[in-house]
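J.: the following comprises the amino acid sequence and a computationally predicted model.
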Amino acid sequence: MANASDETSWREQAREAAQQLQSQLAVALVGAINDDGPAHAVQVCKLVAPEIAAEASGPSMTIGRTALRVRNPDNAPDQWETTTLHDFEAQLSNGADPATLETWTIETESGYTIGRWMKAIPTAALCTQCHGSQVDPALLNHIRSIYPQDQAIGFEVGELRGAFTARVILAGPEHQDR
């Protein structure tokens, strides 16, 4: 468990895990696109991204991605993430730099103290191949065959694509042996 009294430490761990997820996923996606095109990248997102996220997580931290418009329903946001994503969108519409959009909170859940952290993911040019407003029709059919409920389409460069999100267990309930 991370130390609740050292807020900077758990947030830095979340940032590092998100950076690991981002960089490893980017390498995997660029490699897939270069090897076999964007359709292969969709498969990488489906199969490899969860593995990378699991590797970047730890015994007291879960790292992942979420968005208001998800492709994979497993990445759907919870209430705090939804509220935070809407806040990020509002900040972007007021001219905020997406690279600076980050937030965190500490909450109690079932006797555990949980650190929640999120950092915005702006849509990059590479992302628009599969998430943009001009996705190739054959690729779009492929995406919809894998993700029939896909909502993650129609993005422009610089828009909020989603966010990296972390849940960190900072402290657990006291256990008494009696």
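T.: Here it is on my side, so go on. Numbering: from 1, shown residues only.
J.: give me the most central residue, the protein.
T.: Arg65 (1.5 Å; Cα atoms, centre = their mean).
J.: quick one: mean pLDDT for the host helix or strand of it?
T.: Counting by DSSP states H and E, the element that carries Arg65 is strand 61-66. Averaged across strand 61-66, the pLDDT comes to 97.
J.: hey, C-alpha coordinates of it in PDB?
T.: Once non-C-alpha atoms are left out, strand 61-66 reads as follows in PDB (Å, rounded to 0.1, in the frame of the first residue of the first chain):
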ATOM      1  CA  MET A  61      -2.600   0.400  -7.800                       C
ATOM      2  CA  THR A  62      -4.800  -0.100 -10.900                       C
ATOM      3  CA  ILE A  63      -3.900   2.000 -13.900                       C
ATOM      4  CA  GLY A  64      -6.100   2.200 -17.000                       C
ATOM      5  CA  ARG A  65      -7.800   4.400 -19.600                       C
ATOM      6  CA  THR A  66     -11.300   5.700 -19.700                       C
END
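J.: can you spell out which helices and strands pack onto that strand?
T.: helix 7-36, helix 38-56, strand 160-171 (3 or more Cβ pairs under 8 Å, 6 or more residues apart in numbering; DSSP states H and E). The C-beta positions use only the backbone N, C-alpha and C, and glycine is treated the same way.
J.: much appreciated, bye for now.
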